[in-house]
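Asker: After the sequence you'll find the predicted model.
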Amino acid sequence: MNINILGMRVDVTDYAAAAEKISGWARAGAGRYVCVANVHMVMEAYDSAEFQAVVNQADLVVPDGMPLVWCMRLKGVEGQGRVYGPQLTLRVLERAADEGIAVGLLGGEAQVLEALKDRLKERFQGLKVVFAHSPPFRPLSAEEEKRIVEGVRSSGARLLFIGLGCPRQERWMAEHLGRVPAVMLGVGAAFDFLAGHKRQAPRWMQGAGLEWLFRLIQEPRRLWRRYLVQNPRFIALNAAEWLGIIHPR
């Protein structure tokens, strides 16, 4: 079952169901991709039919942001909870360590990636991190893309966590579906949080839907437009849909 939020699909799921589905695909050696959805992603999809198709064609779209959870509840999904990207990452990694599933990491700054690898290996005994690559923050050449794909394939990774940021990571996953024999998860800022490079919002702010404010205070120059422009647009558009002024795509 899934819910349409401003034309973008979000699946009804929870941590346990999502982690089970993802690890099952990985054990089978399937090429799939998973989107971790928040308001930013919904608005990117609303403004771009091409990107909306990228998300709607994903194998799983989980509700990472509390505003999406609230929308789902308003649309009849009782008890829907948040599936927070960093926490889902840890749940899937725990299963990977227990089941011997090889893991890859793509994205983030080089020092963040090294810190992340160290922390994950300390936390999950037996976790096999067989691939880690920090690409440059620019469009990649065809040769660079080819080397990444070859690196993932030769490593034997069956889970590939991607921290390139939205919408770049979602487009990368869609473009490489069928070329990368792994379950790809676009987890955005989870690399920075789990590596200890950036602080996560307190739990009470996360539960109240105020994580955006915490992040805006930390990175105002980078995030001001995402939160001060797109968040009000999200609220206004959902209100207009609720009132019947506009209709879901």
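Answerer: Okay, I see it.
Asker: what's near enough to touch residue 62?
Answerer: Listed by CB atoms under 8 Å, 6 or more residues apart in numbering, the contact partners of residue 62 are 10-11, 13, 18, 34-37, 83, 85, 88. In this view, the C-beta of every residue, glycine as well, is placed from N, C-alpha and C.
Asker: just curious, which of those residues is nearest to residue 121?
Answerer: Using CB to CB, residue 88 comes nearest to residue 121 of the contacts of residue 62, at 19.3 Å.
Asker: what's the next secondary structure element after whatever helix or strand the closest one lives in?
Answerer: Element membership for residue 88, per DSSP states H and E: helix 85-99. Counting by DSSP H and E, the next helix or strand C-terminal to helix 85-99 is strand 103-107.
Asker: tell me what the following helix or strand past that next one is packed against?
Answerer: Helices and strands here follow DSSP H and E; after strand 103-107, the next one along the chain is helix 110-123. Counting contacts by 3 or more CB pairs under 8 Å, 6 or more residues apart in numbering; DSSP states H and E, helix 110-123 is packed against helix 85-99, strand 103-107, strand 129-133, helix 190-194.
Asker: Including distance to residue 140 and mean pLDDT, could the ones you listed go into TSV?
Answerer: Output for the helices and strands packed on helix 110-123, formatted as TSV (distance: least, CB to CB, whole Å; pLDDT from 0 to 100):
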stretch	distance to residue 140	mean pLDDT
helix 85-99	23	96
strand 103-107	11	95
strand 129-133	11	95
helix 190-194	18	89
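Asker: Show me where the chain has its helices.
Answerer: Secondary structure of the chain (DSSP state H): helices at 15-27, 39-47, 49-56, 66-74, 85-99, 110-123, 142-155, 168-176, 190-194, 203-207, 211-218, 220-225, 231-242.
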